[in-house]
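**Student:** Here is the input, now give the coordinates:
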Amino acid sequence: MAKNYIPGPDAEFDTWFEAFNTMFAGMGATLGFSVSEINALNNSFTSWQMTYTDHVNTQNAARSAQEAKSDARDSAEDRIRKYVKRIQAHQNTTNAIRASLGITVPKDSKTHPQVPAVAPGIETDWSQRGQVTLFFGTSPGKKRNNPFAEFAVAVLVQFRYAGGEWQHLSLTKKKEFTHVINNTEPITIQYRATYLNANDQQGPWSESDFAYVAPVQVGFTVVQEAA
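**Tutor:** The predicted structure is shown next:
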C-alpha cells in the first residue's frame, strides 16, 4: 500500500499527525484496536511533538544566533576598515607594520634591494705603458664565472697617487676599465673598488691593489755625424 498519504515536510506531518491521532483516539476501539494500542500511538504523537518542538526552537535559536553573529561581524568590520584607513594614511606606518597587522601592503611600494655584503675582487694589469686595465668581480680577470656579488649592479672605482687623497675614477657596470694616464715618468697608483646596488647604496671597499706604471715612450731624434 502506498505511503504517500503521509506528508513529507515536518510541519505538514505535524499537522496531519495531530489530526490523525485525535480522530484515531475516538474511533480506534470501534476499528478493533485495544486501549494499549491507542495509547501507544498517542505516546508516539507526544514524543514526536516534544522532539519536533525542540527542533523548531533550536532552529529558531540558531537563526537568531546567526543573525546576531552577522550583525556583530558587520559592526566589527566597519570599525576595522575605518581604523585601517587611518593606519594606511599615517606617516609612521611602514610596510613592516602593515605586514604585521595583516593589512594590504601597497603594490606600488618600492622594495629596497639589500646592500652588497662583500667587496669586489680587483686586479690590475699595468703591462702597457701609460695605462692600467682594472678587472672586477668575484673572479676578476676571468671571461667566465665572474659574476658580480648578490644585489650588486655596478662598481665604483677610486684611485690615488702615493700619499695622495682618494679620487673618483669610474662608475661602471662592466667588469673591466682602462685607466689611461699617459705618464712621462714612472709612477705608482693605488686602486680600490666597491659594489653599488640598484639604489646606489654602497657595499664595503675592496682591499687596494697597486700598479707600477711605466712611462709612455717619448719620441727622440737620431743625429747623424757628418762624414
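**Student:** Hmm, S206 is touching E123, no?
**Tutor:** No. Using C-beta atoms under 8 Å as the test, S206 is too far from E123 to be in contact (10.3 Å). From N, CA and C alone the C-beta is placed, and that goes for glycine too.
**Student:** Check which residues of the longest strand seen in the chain are buried.
**Tutor:** Counting by DSSP state E, the longest strand found in the chain is strand 187-196. Within strand 187-196, the residues that count as buried by 16 or more other C-beta atoms under 10 Å are 189-196.
**Student:** Then stretch 44-62?
**Tutor:** Neighbour count says stretch 44-62 has 45, 48 buried, by 16+ other C-beta under 10 Å.
**Student:** which residues are in contact with it?
**Tutor:** If you take C-beta atoms under 8 Å, 6 or more residues apart in numbering as the criterion, stretch 44-62 is touched by 10, 14, 17-18, 21.
**Student:** Render the CA-only coordinates of that stretch in PDB, please.
**Tutor:** Extracted C-alpha coordinates of stretch 44-62, given in PDB (Å, rounded to 0.1, in the frame of the first residue of the first chain):
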ATOM      1  CA  SER A  44       4.300   8.300  19.700                       C
ATOM      2  CA  PHE A  45       2.500  11.600  18.900                       C
ATOM      3  CA  THR A  46       3.500  13.100  22.300                       C
ATOM      4  CA  SER A  47       7.200  12.000  21.700                       C
ATOM      5  CA  TRP A  48       7.100  13.400  18.200                       C
ATOM      6  CA  GLN A  49       5.600  16.800  19.300                       C
ATOM      7  CA  MET A  50       8.300  17.100  22.100                       C
ATOM      8  CA  THR A  51      11.200  16.400  19.800                       C
ATOM      9  CA  TYR A  52       9.700  18.500  16.900                       C
ATOM     10  CA  THR A  53       9.100  21.400  19.200                       C
ATOM     11  CA  ASP A  54      12.700  21.200  20.500                       C
ATOM     12  CA  HIS A  55      13.900  21.000  16.900                       C
ATOM     13  CA  VAL A  56      11.900  24.100  15.900                       C
ATOM     14  CA  ASN A  57      13.100  26.000  18.900                       C
ATOM     15  CA  THR A  58      16.700  25.000  18.300                       C
ATOM     16  CA  GLN A  59      16.500  26.200  14.600                       C
ATOM     17  CA  ASN A  60      14.900  29.500  15.700                       C
ATOM     18  CA  ALA A  61      17.700  30.000  18.300                       C
ATOM     19  CA  ALA A  62      20.300  29.100  15.700                       C
END
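**Student:** what's the offset of it from the middle of its chain?
**Tutor:** For stretch 44-62, the separation from the chain centroid amounts to 53 Å (computed by C-alpha atoms, centre = their mean, to the nearest Å).
**Student:** pLDDT on that stretch, on average?
**Tutor:** Throughout stretch 44-62, pLDDT has a mean value of 95.
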